[in-house]
Structures are given as structure tokens and as C-alpha cells.
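Enquirer: predicted structure and sequence below. I'll ask about it afterward.
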Amino acid sequence: ESLSMHVGRRTAASSCSSLRSFLRFLFATRRLRHDLSDCVVAPRYRTDEGPPRFLPWEDIRRILRAVPRDRPVGLRDYAMLLVMATYGLGSGEVVHLELGDVDWQASILRVRRRKTGVPLELPLLPAVARALAAYLRRGRSNQTLEHTIFVSLALPHRPLTTSAIRHRIREYACRAGISAAKLGAHIFRHSHATRQIDAGAPFKIVGDILGHLRPASTSVYVRVALRRLRM
């Protein structure tokens, strides 16, 4: 129940499946006296259902505008959320971005998809480049030895966690007056994909940018766009 409050039904069901397998292993190797796998109840979901969370693009822009950029924390958070909104990156990908992943001369941002491990080169768009440069110059501590781009402000300046990103998104969404059943990093990813499909971006390109291995993973955004057109 606690897990389903923070992630979609599909992700929760996958986590429950892994837990059941682990419990069966513990029982088979006699580490547990009873097989507890049947006690794990996974949520049901339809394979053709759309993304569980997305916002209109104007709401994403409102969240970005709610980030104050006159302090180091705001410079960091704005650059971080702008990267997520622009490229549809997940929080796990953002927290693992390193300084060497930004090629300033070639205007390229290098990303490795967390689920597939596939490397991807994205164009370093001017707005993103300016936000990253402002954060690195005036917001990021020069005393940290970490190679990751986004680090905590408090000593010892550790890399941010995915839960920290979720917390920041909820804070700025609240400031912007935006509420949703579930607010987290994936809402930026889903909103980015839906916006690209709405704008007529090629289906294959959207899937490649999102790191999808199967066309069915991208097709949910097409169905969302079609439903919105019928409204």
C-alpha cells in the first residue's frame, strides 16, 4: 500500500512480483519456515492503459517558474527539473549524470538509460546549457569531490537521491498551485512524451529518446494524445 502511493500500478506490480520470487527462494532454501509469497497481493492493471501520471505542458512550465533562481538551491533545482522536462529523463538517470557527460564544445548531453543501459547522446539545448552553467558556476559547491552534477547543498555534498527529487517536485508544484493524485519525477517524463507526440514527433524517435525497447511502451502516449483530441 505504501509503495502504490508513490509509483504507478505497473511498477508496483513488478515490485510485488520480484518480492514473491524472493520469498519463494527463501522458502525453497529453508530460510523461511512457511511460503509467504501468497501473502503479497499485487495491484491489477490493464496492459493497454495509458501513463498513470501526466500534466499539461503549461502546468510543467508553471512548476519550473515556481523555482526561485536567486539562491544555490534554486539554481540546482531549476537546472535539474529543466533537464527532466526537456529530455524526459527519469530521476534515476538525472542523479547519475556526471560532469563529464556534458560536452560543452559539441553541445551534447550524454545519458545512459537506467533500465536498458543504452547510451544516448542528446543535443544540449541553449536553455538547458544556460541553466546548467548557472548552477555549476554559482550553485554547486567547489569543495565536493563527487563527479555527479547534482549534489546536496549541505556537507559533505553527496549526490542527490531520487526521493529528494520527488520531494522537490512536490514542493514546487505546491507553490505553483498544482495538485495531482501522484506527483513525482515520472510526471515530467510522461508529460514530455505526451507533448512530443502531440507536436507530431516521429513515434520511433520518441521511443528512442525515452529508452523504450518495445513499441508498445511508447504506444500508450499515442493513445493518450488520441483521447485528448476526441475531448
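Expert: Perfect, thanks for sending it. Numbering: from 1, shown residues only.
Enquirer: these two touch, right, Leu109 and Ala131?
Expert: No: using CB atoms under 8 Å, Leu109 is not in contact with Ala131; the gap is 11.8 Å. For the C-beta atoms, the positions are set from N, CA and C on the backbone; glycine is no exception.
Enquirer: and the residue positioned nearest the centre of the chain, what does it touch?
Expert: The centre of the chain sits closest to Gly90, judged by CA atoms, centre = their mean, with a distance of 2.2 Å. Counting by CB atoms under 8 Å, 6 or more residues apart in numbering, Gly90 touches 84, 114, 185-186, 189.
Enquirer: please identify which pair of those residues lies farthest apart.
Expert: Farthest apart among those by CB to CB are Met84 and Arg114. That separation is 13.2 Å.
Enquirer: alpha carbons of the lengthiest helix in the chain, as CSV, please.
Expert: When the chain is parsed with DSSP state H, its longest helix is helix 9-28. Taking Å, rounded to 0.1, in the frame of the first residue of the first chain, the C-alpha atoms of helix 9-28 are listed here in CSV:
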residue,chain,number,x,y,z
ARG,A,9,0.3,0.3,-10.7
ARG,A,10,2.6,-1.3,-13.3
THR,A,11,5.7,-0.5,-11.3
ALA,A,12,4.1,-1.7,-8.0
ALA,A,13,3.0,-5.0,-9.7
SER,A,14,6.6,-5.6,-10.9
SER,A,15,8.0,-4.9,-7.5
CYS,A,16,5.5,-7.3,-5.9
SER,A,17,6.4,-10.0,-8.5
SER,A,18,10.1,-9.7,-7.5
LEU,A,19,9.2,-9.9,-3.8
ARG,A,20,7.2,-13.0,-4.4
SER,A,21,10.1,-14.7,-6.2
PHE,A,22,12.4,-13.8,-3.4
LEU,A,23,10.1,-15.2,-0.8
ARG,A,24,9.8,-18.4,-2.8
PHE,A,25,13.6,-18.6,-2.9
LEU,A,26,13.8,-18.1,0.9
PHE,A,27,11.3,-20.9,1.4
ALA,A,28,12.9,-23.3,-1.1
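Enquirer: what secondary structure does Val111 sit in?
Expert: Under DSSP: H, G, I helix; E, B strand; the rest coil, Val111 falls in the strand class.
Enquirer: for the residue lying farthest from the centre of the chain, give me phi and psi.
Expert: Centroid-distance maximum for the chain: Arg33 at 39.2 Å, with CA atoms, centre = their mean. With angles defined as degrees, to the nearest 10, Arg33 sits at phi -80, psi -20.
Enquirer: so Met84 and Arg114 - more neighbours on which side?
Expert: Comparing Met84 with Arg114 by other CB atoms under 10 Å, the one with more neighbours is Met84, at 25 against 16.
Enquirer: mind listing what's buried along whichever strand or helix holds that one?
Expert: If you go by DSSP states H and E, Met84 is part of helix 72-87. For helix 72-87, the neighbour count (16 or more other CB atoms under 10 Å) marks 73-87 as buried.
Enquirer: which neighbours do Leu109 and Ala131 share?
Expert: Val83.
Enquirer: pLDDT weak spots in the chain?
Expert: 1-8, 10, 45-53, 115-116, 181, 197-231 (pLDDT under 70).
Enquirer: before we move on, the earlier item: can you list the buried residues in the longest helix of the chain?
Expert: 10-13, 16, 19-20, 23, 26.
Enquirer: distance from the helix or strand that it is followed by to the middle of the chain?
Expert: Per DSSP H and E, the first helix or strand lying C-terminal to helix 9-28 is helix 57-65. Relative to its chain's centre, helix 57-65 lies at 16 Å (CA atoms, centre = their mean, to the nearest Å).
Enquirer: thanks a lot, catch you later.
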